[in-house]
Each structure stands twice: as structure tokens, then as C-alpha cells.
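Peer 1: Next come a sequence and a model predicted from it.
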Amino acid sequence: MTSVSSVEQWLAEIDQYEKQLFIQSKKKGRDDGRQPFDEKWTQYTDPIAIQLYQWIQSDFLQQSTFQSMIQLEPDDSIAVRNEKEHLLQKELARTRLLALLQGGMSIHSNMALLTHIPLSLYLSKKALNKVGHFYQFTQTGGTAETILSLRLLLYSFLPKHLKYEEWRSLTNDGIVCDQNEPMYLGKEDMISEAVIKQLLKQIIRMSLYKQVGPKRVPLKRIILGTYQASVSYKSMQSLTLDAQCFYRKRWLHRFSEN
């Protein structure tokens, strides 16, 4: 079984994470008070998003050496668990470094600008795959696990003050799906107005980068590249934290019953 000290440590980290989400949920966002638009159209985008997500997973995200070898087991000793988690953290650090480099290079050419968001999503999906596999939540096409992974990715785009309610829904659905695999019995409307707005903000920001010429901003590539590298790094850092808390909570629920 997972050691008691490991359980206590994980529970403390998850509790701290959820408390922070709750505090942030009490802060009003900029859009509070505005008239929301009709989100019925998002029911048509969900199937498309799932198909694209599965396509990326099956065609591009083949198992790396890390994924095929490192996986946490419930009967690991404390020393073994710590060693495995150390290797996971090293792998995630490399992924964050890739996100930083990709963000910094994104304004060096028009092609780099156009491919920034797809590459960011690709790196994000790779990070989710690594964390999910490590905690024994390996994804297979068409299963509930794929949909939960997509929801986790979309969750990472939400503004901080909107994350708490979605976190509760996501974790509850994850536990229900673990009991009914491969059926997905969770939330159906995955793509929300808030997620669309965050993606649009990224597109607008990349468009503005293109409009700023060297004459207006000397050393444009260095200044904007440094800024975008920082944004990309922090986004990946937030995503990997979200993923670890999500999969750890499900791991504890799954193996505490055994």
C-alpha cells in the first residue's frame, strides 16, 4: 500500500491547493456582472474537440521512454516512491523548459506566431499524458479517461476565480468514471464561454505581437520573446500542478479502497 507519510503529504498538498481555489473563487473577475451569451452552441463543439484530442493523442503522442518505464505502484516503498516522483519532476521540468523555449521563439517569425497555440496545446497534452500515466491513469482512445484529460486541459484555461466549481465537478466525475470505466458519466458541456475567451485572448495577443514593428519597439524580439516565454512557462507550471493534484486525488480514492 502507499505509505502513510505519502498519503498525509499528498492530502496536505491537495488541501492547500483546494483552499487556494476557494479563496480565488471569492474574488470577482473582470467579466462579472456582464450579460452572458447563449452557450448552447458549445454542444456542437464538444464532439469536434474530443475527436481532435484523440487524433493528437493517437498520431503524435506515442509513449516516450519515461512513460513506458516509470509508473507509481500502490505497494512502492517510501524510498522507491520518492525516487519515482523525483524522476517525474525532472521530466516535468524539461517540459516546462520546452514551453519556455517555444514561447520565446514564437515571435521570431510569422510561421512561429501561427503555430504557437497548436504547439502549446501539443506540449500541454504531452505533460498531461506523463502525469496521468505516472499515476496509472493511462489513456486509450474513446474511453472516459480521454474525455477527463480533455476537461483537465480546458480547466487549465479557466480564469482563477472560476476554477473552484469546475474543480469540484471534474474531480467528482473522475471518481465516478473510475467506477464505471470505460463509460463516461460526467459533465457533457465541456467548452464554456470562459475557455473560448481565454483562447481568443491568446490569439489576439499573438496578433498584436505581429503588428508591433521594430521601429515602434526597439529590440522587439528580445522584449516580446522574453515576455511570451515567461507566460508560456507559468502556464505550463500551472497545468502540471493542476494535473498532479487531479491524478493524486483519484489515485488516493482508488487505492484507499483496496
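Peer 2: Nice, I can see it.

Peer 1: mind checking the SS state of the nearest residue in space to Ile203 that is not next to it in sequence?
Peer 2: Excluding its sequence neighbours, the residue lying closest to Ile203 (C-beta to C-beta, 6 or more residues apart in numbering) is Ile117, at 6.9 Å. (Glycine included, C-beta is placed from N, CA and C.) The local conformation at Ile117, judged by DSSP: H, G, I helix; E, B strand; the rest coil, is helix.

Peer 1: Would you quantify the distance from Ile117 to Leu200?
Peer 2: As defined by C-beta to C-beta, to the nearest Å, Ile117 lies at a distance of 11 Å from Leu200.

Peer 1: How about Ser120?
Peer 2: 14 Å.

Peer 1: Just the helices from the stretch 51-200 of the chain, written as ranges.
Peer 2: With DSSP state H, counting those that start in this stretch as the criterion, the stretch 51-200 of the chain has helices at 65-69, 78-105, 110-134, 144-157, 163-180, 193-211.

Peer 1: okay, those helices in TSV with distance to Ile23, mean pLDDT and mean neighbour count next?
Peer 2: Formatted as TSV, those follow (distance: least, C-beta to C-beta, whole Å; pLDDT from 0 to 100; neighbours: other C-beta atoms under 10 Å):
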stretch	distance to Ile23	mean pLDDT	mean neighbour count
helix 65-69	34	55	12
helix 78-105	25	90	16
helix 110-134	24	84	18
helix 144-157	18	88	22
helix 163-180	9	88	17
helix 193-211	19	74	14
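
Peer 1: Between those helices, which one is closest to Ser25.
Peer 2: Among these, helix 163-180 comes nearest to Ser25, with 3.7 Å by C-beta to C-beta.
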